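In: all I have is the shape, not the residue letters:
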Ligand SMILES: Nc1ncnc2c1ncn2[C@@H]1O[C@H](COP(=O)(O)OP(=O)(O)OP(=O)(O)O)[C@@H](O)[C@H]1O
Ligand SMILES: Nc1ncnc2c1ncn2[C@@H]1O[C@H](COP(=O)(O)OP(=O)(O)OP(=O)(O)O)[C@@H](O)[C@H]1O
Ligand SMILES: Nc1ncnc2c1ncn2[C@@H]1O[C@H](COP(=O)(O)OP(=O)(O)OP(=O)(O)O)[C@@H](O)[C@H]1O
Ligand SMILES: Nc1ncnc2c1ncn2[C@@H]1O[C@H](COP(=O)(O)OP(=O)(O)OP(=O)(O)O)[C@@H](O)[C@H]1O
Ligand SMILES: Nc1ncnc2c1ncn2[C@@H]1O[C@H](COP(=O)(O)OP(=O)(O)OP(=O)(O)O)[C@@H](O)[C@H]1O
Ligand SMILES: Nc1ncnc2c1ncn2[C@@H]1O[C@H](COP(=O)(O)OP(=O)(O)OP(=O)(O)O)[C@@H](O)[C@H]1O
Ligand SMILES: [Mg+2]
Ligand SMILES: [Mg+2]
Ligand SMILES: [Mg+2]
Ligand SMILES: [Mg+2]
Ligand SMILES: [Mg+2]
Ligand SMILES: [Mg+2]
């Protein structure tokens, strides 16, 4: 019955946290520029605050940025880079089709489990999906909203320390829901926006010949673009599978279409 | 009881996938022109991306077009033309009268089954109906919307590959629901719009004498029309059953009425 | 309990289809003019399409017209005039007080039963009542709407043929619900609007003396009116029970009041 | 439990119909003027239509009028004056605190019971309360509305005849709910509005001395007022219990306050 | 379980009616002026109407006034001053956290119990809270509203007599809910508004020395104020506990602040 | 099952009241200025009113102020400083994911328990969260609202005395919900707004060297700021963990960013 299904759905989700974290950084973290460096640095600071703050045991941060910008991977990487013994992912992917009461129970369980460990990190991924945000209405689960608003403020028990990293593509919606002020910090995740950053990624991946890279470099030089790392990896993928002759034009035209690259 | 009914309803739906796919291409795919060719080509590309992408195991596309334009048949044909061992149809026809919780469970089950296979294709047919979209309100199932938004972004387990082909007649509604950006690609399915395309179909079907075809050709030459292949097949059907004398006029007048053919 | 009540309510409804169809044509079909002839002719066409279409096994039509215009009787008559072995009435009268889930199940069952027969006709009566349309709000059952939208498009299994005849007094509402395009054809049922049509009915029924008919004819000649056949039959009924002296004036004044007859 | 309570609540309601009807005419029907005579006459007509109509077995009428105008008593009196063997009262007073599903079942049961009798009258009292009409929103039970809309149009089984008399103080609301056209006839119940009508009541009741009546007659002569018979009976009651000296002034001042009597 | 809790909650509420009534007049009724006298007189009239009306057995009145004006105490006092054998309090305090179905059942039970006694008084306290009125929306329980609208009009069984006294601080809301006309009478409860009325209370309570009273009298003479008796009793309380030196200034400044006293 | 979970969740919450109160004052109450002193003084007054009022046994107050201003800690301190034998915390933190029916029961239980003790204090923390206030809609639990509105007015049983201290960051919302007038008193909690107040805190905590304090004092002198004590404690925390060289600049820049400090 439903409760059994529930049990079974939950168990693997909680038993494989480590593996689960790796999944979300499937393509590693490519250091394509200052924005990446800066987020990782802030992440370090959050970890040390999480370990040693005196006035309370709770540190909370929101990673906000456009779709495909790498928010989930960055949150997972920061979480893993702490040496906290308890890591949990709280993701809408594990709650598909759940009523909001079930969602709440699952979220609450993640936090309750964390409260039992000395040092814990929780990644609360894709908050707008956890909230079941639907733009026509608009609609959202008030039950989940209230639960998160309380959990993001609730001190862990005495002597326990907890770092919460949340992600969202809809900072605007979270703002309207008066949720932003529940976070102690908001970190902005950025898309790739310059030719240099693009080239960093391409060079790192060794996906094109150096002649091709030169060509791409010249074509995109000084041009503006706005593309998330996840989408970029997809384009590179597609280019790789295209016949060699069409590879670069196809890549550039797709970059124009999907990444807003200004060509002329 | 309900649960039993549920079991019984589901089983055949899942046991007969192959046969089910054939059903949706009952009248074959007539290559009536460039739009058809182009969609089928894009379909090939999706299949090869599905098989060999490196940055992730998920490829998603939406086939959007007017009612009766052949979206479902095209999605089914593309799915079948892959040689993926796992094919599933996820259609509102199998969920009539379902509450949205039951719908969600069924959709989720289709994806969960797919995750277990190496290479899978899922056709998610008639998304606006899956979403229970009702224009007065407007109303929709937020539970199904959230489930689809997550499933369309969720990577299959490591080493598994999944191609999702969805169809809709209401791209506008999906846009308002902020669902379009959840698809990696959107393919536009077109109605028949020229005399040449019309003649291709009629010739292929061998439904009229060549004299009749000539007459129709002259009458429709350079005229604009806008009719879906499914509707056109219906009109031909009706014409066939009309007395020979009235056949062509009846066909042309219906084409005028239903297909917006400009007559003069 | 409820389920038992459900069983019991359903059984007679399905066991007495033939008898049920007769009920809806209690006063026969009086051929009072061109509109009646034309609908019956369209009905014949629908039946032959239903029997012999090649591109699919489903034919759907909506009979739309003002209240009391005879929609239900006409749909029933067309259904009976086919020689299809399976006839079913799907009427809100058999679903009074049903929650929409129960309504959906009942509607679905009618279609599922039809799919099992070679040739079937279903009359879906009074669609706005099946949809629980309430004008303040407005409100409607989205569950029933979605079910009908899917069922009106769903092909019967291979080799099975199905003719669906629906009726409504609220074409406007069905339009707003984007339901009209789900029907392949819409037939307009008309009220009685001329003196000639009125006289046809009165003569056919032999309700008045020929002197009275002459009088009525002169009084209504060239006048406009707009009255449904069902309401007209009621007025004749009432006139019959009035004292002879008052019969004709009473009839004419009621016709003025209820049928918008322009008197002077 | 609830179902038991339900059973118990229902039983007396149905077992005591005769007695119940008397209750609603506790103070008899005082023939205070033309409006009363006219309604009773219309009532006779309805009864004879109910007995002998040929085109169908259902006659429906709505008694609409201001609060306290005597609608319920008149409907009950008309019902009793038929010699139909089956009389039923369908009143919100017997459904206090019912959810609308329970209400629907109860209403449906009344009609189903009536269908089993040759000749039946049902009084559907206070339709706006049966509909749970709440002006803020506004709100209403769509389930009950749909049930009534269908029941008011549904022919009783062959050979059975049914007269339905409904009452309402909110004809406007029923109009917005598109319910008025479901009734074959609407009868308007009136308040007392002239001095003569007032005096008829007072004389009939023998509540004041003839000197007092003269005084009241002079004071109210040619004045307009607008008071329901039920409220008037209450005022007379109150006057009777006042000391003799204050009786007439008190009565007149209350009439001014509650009945809009124009004094000068 | 819930039903048990329900039983237990209800029992004491109904077993201790007498005691309960005393509770609501904890500080007695101080006759501080004409408004009080007038309400009590109206109360006497209601009681005698309740005992002896001829046209029906039901008398209903609403006590409406500002918060803290003493509505509940006055209703309780009037109820107790009748010598009716059956007294019941129907208060939201006994229904905290009840769903509206439970509320309805409890209210209905109070009335049903009353119908069994020859002469009964029911106090329906704080109607806006019984209705769960929430100003944002606004929201209210339509189930309770409908139940009250019917109960306030429903005659007790033959030979039984019932007086209903309701209280509200939100006559405006009850008006919007079209509830006011369901009461036969509306009595207005007033706040204390003059220096004389204030002094009546202070003298009666013997709370200040006569020198203090003189001072207060001079300070408030001819000034307007608007303070409920319950709030005033609270201020006196607070003053009593203040050091003697600050007592009078504190009292006057609080009167200014809370009671709108115009100081200069 | 759920009920068990409920039991278990509730028990510790009620068994550890003392400890629970300490938790909420984890960093003590630093007397950083007049606003703090004034609230504590008002608290004393409330306690003595709670103990000795004559006109009733209930005293209620709302502590309203910006987020992080120390409302909860102040309410807890006042509660503890009474020597009342019964102390309870009624906090949304103990009701995460509760449906509003469960919330109501829990709140009601706290009050019912208090009614059994001679002298009781209840802290109702974060009222807007108890009400499940969601700004889009807006939404709130009307069930909890109604329960609180009644409980805040309900006198404890004879001889029992109860002090209720509630906190909120959304006085505006409570005003719209017409909840403010249900409290006898509203106390305003303030943020730190001057350099002197800031220095009081820093000196008290001994977090910086006296040279650093001098520097901060000079930099913030005469400047406006607006920062809650809880946030300030967090900033100090962070500064402490920064390398000595960057400590003061980091602290001041964060104060500028988060505390609205005007720098120049
Ligand atoms: N610098 C980087 N930052 C983040 N991700 C990176 C970086 N370099 C490579 N990646 C890879 O890019 C992908 C980022 O995908 P991810 O799911 O984190 O994006 P997202 O912003 O969460 O997307 P969505 O908006 O769909 O939630 C991962 O596979 C990750 O390994
Ligand atoms: N080139 C073509 N493309 C698509 N369908 C074709 C083509 N040629 C023939 N057909 C036939 O036309 C029919 C198309 O119907 P289909 O149900 O796919 O349309 P649809 O756009 O999905 O309609 P709906 O809007 O109702 O969902 C099928 O029977 C199919 O076999
Ligand atoms: N030409 C005709 N067309 C339709 N009905 C006719 C005709 N002649 C006689 N009738 C009789 O008139 C009645 C029509 O009633 P029917 O219930 O079909 O009307 P309707 O339009 O469905 O009403 P409603 O709007 O209430 O659903 C039937 O009793 C039928 O036997
Ligand atoms: N001519 C009359 N018409 C109706 N009622 C009359 C008449 N004469 C006396 N009565 C008495 O007046 C009372 C009418 O009350 P009734 O409940 O029928 O009014 P109502 O309009 O239904 O009120 P409400 O608006 O509250 O439903 C009854 O007691 C009835 O016996
Ligand atoms: N003249 C009076 N009228 C009413 N109450 C009085 C009077 N004199 C003294 N009292 C006392 O004042 C208090 C009135 O409180 P009560 O609860 O009746 O006010 P209320 O208007 O019902 O308040 P709320 O608006 O909160 O419901 C009671 O304790 C009562 O004993
Ligand atoms: N003067 C003070 N007033 C209040 N709290 C103080 C004071 N001095 C130090 N503190 C400490 O500051 C913290 C105040 O946090 P608290 O949770 O009470 O704030 P809050 O206003 O309730 O926050 P929120 O808006 O999140 O509910 C506590 O740790 C408390 O010990
Ligand atoms: Mg992500
Ligand atoms: Mg399709
Ligand atoms: Mg009909
Ligand atoms: Mg009535
Ligand atoms: Mg009160
Ligand atoms: Mg707080």
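Out: Received it, and whenever you're ready, just let me know what you need. On a predicted model such as this, the values are computed, not experimentally measured, just so you know. Ligands and ions are numbered 1, 2, ... in the order given.
In: where does the stretch 151-264 of chain A get nearest to chain B, residue-wise?
Out: Closest contact between the stretch 151-264 of chain A and chain B, by Cβ to the nearest Cβ, is at residue A:233 (3.9 Å). Where you see a C-beta, it was placed from the backbone N, CA and C, and this is true even at glycine.
In: you'd agree that residue is up against residue A:28?
Out: No - between residue A:233 and residue A:28 there is no contact under Cβ atoms under 8 Å: 10.2 Å.
In: which one's more surrounded, those two?
Out: residue A:233 (22 against 10; other Cβ atoms under 10 Å in any protein chain shown).
In: now do the strands in the stretch 151-264 of chain A.
Out: With strands called from DSSP state E, counting those that start in this stretch, the stretch 151-264 of chain A shows them at A:161-168, A:185-188.
In: of these, flag the one that's most buried.
Out: strand A:161-168 (a mean of 26; mean count of other Cβ atoms under 10 Å in any protein chain shown).
In: contacting residues around the residue of the stretch 101-250 of chain A found nearest ligand 6?
Out: Residue of the stretch 101-250 of chain A nearest ligand 6, by Cβ to the nearest ligand atom: residue A:153 (5.2 Å). Listed by Cβ atoms under 8 Å, 6 or more residues apart in numbering or on different chains, the contact set of residue A:153 reads A:58, A:182.
In: what does it show for phi and psi?
Out: The phi/psi pair for residue A:153 (degrees, to the nearest 10) reads phi -110, psi -10.
In: hang on, the earlier thing: out of the strands of the stretch 151-264 of chain A, which comes closest to residue D:109?
Out: Nearest to residue D:109 among these is strand A:161-168 (54.1 Å), distances taken as Cβ to Cβ.
In: report the rounded mean pLDDT for that closest one.
Out: Across strand A:161-168, pLDDT averages out at 98.
In: anything in that strand near chain F?
Out: No - for strand A:161-168, no contact with chain F is found by Cβ under 8 Å from any Cβ of the partner chain; the gap never falls below 12.3 Å.
In: roughly how far apart are residue A:259 and ligand 3?
Out: Going from residue A:259 to ligand 3 by Cβ to the nearest ligand atom, to the nearest Å gives 59 Å.
In: how near is the residue nearest to that residue when sequence neighbours are not counted to residue B:162?
Out: Leaving aside its chain neighbours, residue A:259 sits nearest to residue A:227 (3.2 Å; criterion: Cβ to Cβ, 6 or more residues apart in numbering or on different chains). Residue A:227 is 24 Å from residue B:162, where distance means Cβ to Cβ, to the nearest Å.
In: shaky segments in chain A?
Out: Applying pLDDT under 70 to chain A flags residues A:1-17, A:264.
In: biggest helix in it, by residue count?
Out: In terms of residue count, the longest helix belonging to chain A (DSSP state H) is helix A:34-52.
In: dihedrals phi and psi, the residue nearest the centre of chain A?
Out: The centroid of chain A falls nearest to residue A:72 when counting by Cα atoms, centre = their mean (1.8 Å). The phi/psi pair for residue A:72 (degrees, to the nearest 10) reads phi -60, psi -40.
In: who are the neighbours in contact with it?
Out: Contacts of residue A:72 by Cβ under 8 Å, 6+ apart are A:24, A:123, A:125, A:126, A:167.
In: which of those residues count as buried?
Out: Among the contacts of residue A:72, those buried by neighbour count (16 or more other Cβ atoms under 10 Å in any protein chain shown) are A:24, A:123, A:125, A:126, A:167.
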